[in-house]
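Engineer: missing the sequence, but the structure's below:
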């Protein structure tokens, strides 16, 4: 993983991460966020996965159905954010993945094994944004509170 | 709806909106843009809808075909902008929605009933950007003019 | 093509491009990047194509399979970046395209013939970011180096 932090005079950093072949995307981005102290950011990315697992939130089960994608796919879009949950920065991104014939599959990104590369743009939006787990749904939600 | 405005020293604000369960997404974001005076912004979001309606622009009819999506879906991507049309800020976003089996459906977002949450990042890019309705197509288009 | 550069006091420019009917999207955005000297940016866009061609990177062939999309489609998302390759700014974006029935197709954007418009947000993230072609895969990859 190569990541470079681009200083911004207004204090909002942009971090460009090149996640490399064989690395897992969610763990990789979370590791950079922790190391660099990024607790509130917008995230977008493109690249490729050698395999992935995405989730669909099942309302009655209050949990994610796991949808395996065991093939090489283009990462057509990866959009989401970083906010703080239980005191740690947590990446929350959804992915649209493109198959060999151009067909697509997508969901909440649970795991993505990068190949050949994943180019991630992390744009800090504040010192911090808080999430809490909603007791009714079990989903981590923005509290609408910024801090820092 | 909870929205928090993150001041930026260069005058470009970032507004993070957590649209809540049962609220309609397009109306909600437009309401925040009007209230906060945001007339030129980039918009991205992820979350979930309990139901939605997207559109496909029919060239011969010069209008949107309406595609109903009457089911719980992941909002895999929501990308677009806010610009001023007829003197009011107007949200223009396209959505890719993910079904229970990971299959996707998408279009111009006409309506999205949020569940459990929709996390919207609104990044101001200028004081204002103007749109006008193109007489030939009936589509609102950026004029390439910034103001403010 | 109409493009407007929005000055930012921190030196990171935002360029809004309205690519017009009949223009090709990849060439158009690259032309603006060259003319304005943008060598490191995040890119998002929405709009429509009268036809497009997307690619799927074939690991064994080390080249893109070309997937033609010979129909009017909504550009549901277009996400990626601009970085410098062989001394020139190079746009790298992936697209998700929406058909008349809401079905989607996507890939690495090779070519998109705009109709009626494509609204592109180019957000500069640094003076420059370098890419090099990886000899093993033939893919242009971020080197993790910023300059400028």
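Structural biologist: Thanks, I have the structure now. Worth saying up front: this structure is predicted, and the values here are computed from it rather than measured.

Engineer: Verify the stated contact: residue A:131 with residue A:83.
Structural biologist: Yes - in this structure residue A:131 lies within contact range of residue A:83 using C-beta atoms under 8 Å: 4.6 Å. Where you see a C-beta, it was placed from the backbone N, CA and C, and this is true even at glycine.

Engineer: Counting neighbours, go ahead and name the busier of those two.
Structural biologist: Taking other C-beta atoms under 10 Å in any protein chain shown, residue A:131 and residue A:83 do not tie; residue A:83 has more neighbours (26 against 22).

Engineer: For that one, list each beta-bridge partner.
Structural biologist: Using DSSP bridges, the beta-bridge partners of residue A:83 come out as residue A:90.

Engineer: before we move on, what about residue A:45?
Structural biologist: Counting by DSSP bridges, residue A:45 is bridged to residue A:78, residue A:120.

Engineer: all strands for chain A, in order.
Structural biologist: With DSSP state E as the criterion, chain A has strands at A:2-6, A:14-20, A:41-58, A:63-69, A:73-85, A:88-98, A:104-124, A:128-133, A:140-147.

Engineer: Now do the buried residues in the shortest one.
Structural biologist: By neighbour count, and taking 16 or more other C-beta atoms under 10 Å in any protein chain shown as the criterion, the buried residues in strand A:2-6 are A:3, A:4, A:5, A:6.

Engineer: For the residue most central in space within chain A, which non-adjacent residue is spatially closest?
Structural biologist: For chain A, the residue nearest the mean C-alpha position is residue A:93 (3.8 Å; C-alpha atoms, centre = their mean). Of all residues not flanking residue A:93 in the chain, residue A:80 sits nearest, at 3.2 Å (C-beta to C-beta, 6 or more residues apart in numbering or on different chains).

Engineer: Who are the contact partners of the one you found?
Structural biologist: A:43, A:91, A:92, A:93, A:94, A:109, B:46, B:119 (C-beta atoms under 8 Å, 6 or more residues apart in numbering or on different chains).

Engineer: try it again with 6 Å
Structural biologist: Applying C-beta atoms under 6 Å, 6 or more residues apart in numbering or on different chains to residue A:80 gives the contacts A:43, A:92, A:93, A:94, B:46.

Engineer: now, the most widely separated pair of the residues you listed?
Structural biologist: Pairwise distances among the contacts of residue A:80 were taken by C-beta to C-beta; the largest, 10.4 Å, belongs to A:43 and A:94.

Engineer: Is any residue of stretch A:51-66 near chain C?
Structural biologist: No - looking at stretch A:51-66 against chain C by C-beta under 6 Å from any C-beta of the partner chain, there are no contacts, and the closest approach is 12.2 Å.

Engineer: hang on, isn't residue A:45 packed against residue A:79?
Structural biologist: No - if you go by C-beta atoms under 6 Å, residue A:45 and residue A:79 don't touch, sitting 8.2 Å apart.

Engineer: Which pLDDT does the model give the nearest residue to residue A:133 once chain neighbours are set aside?
Structural biologist: Counting by C-beta to C-beta, 6+ apart, residue A:140 is the residue found nearest to residue A:133 once chain neighbours are left out, at 5.3 Å. On the pLDDT scale, residue A:140 is placed at 90.

Engineer: From chain C, how far off is residue A:140?
Structural biologist: 24 Å (C-beta to the nearest C-beta, to the nearest Å).

Engineer: Show the contacting residues for that residue.
Structural biologist: A:85, A:131, A:133.

Engineer: Ignoring the adjacent residues along the chain, who's closest to whichever residue of chain A sits closest to chain B?
Structural biologist: Residue nearest to chain B within chain A: residue A:144 (2.9 Å; C-beta to the nearest C-beta). Nearest residue to residue A:144 in three dimensions, chain neighbours excluded: residue B:2, at 2.9 Å (C-beta to C-beta, 6+ apart).

Engineer: Show me the beta-bridge partners of the one you found.
Structural biologist: residue B:18.

Engineer: that older thread, highest mean neighbour count out of the strands of chain A?
Structural biologist: Among these, the stretch with the highest mean neighbour count (mean count of other C-beta atoms under 10 Å in any protein chain shown) is strand A:73-85, at a mean of 27.

Engineer: Just want the angle from that one to strand C:88-98.
Structural biologist: 90 degrees (axes from the mean of the first three to the mean of the last three C-alpha atoms, to 10 degrees).

Engineer: now the angle between strand C:63-69 and strand A:73-85, please.
Structural biologist: 90 degrees.

Engineer: wait, doesn't residue A:77 sit right on residue A:97?
Structural biologist: No - with contact defined as C-beta under 6 Å, residue A:77 does not reach residue A:97; the gap is 9.0 Å.
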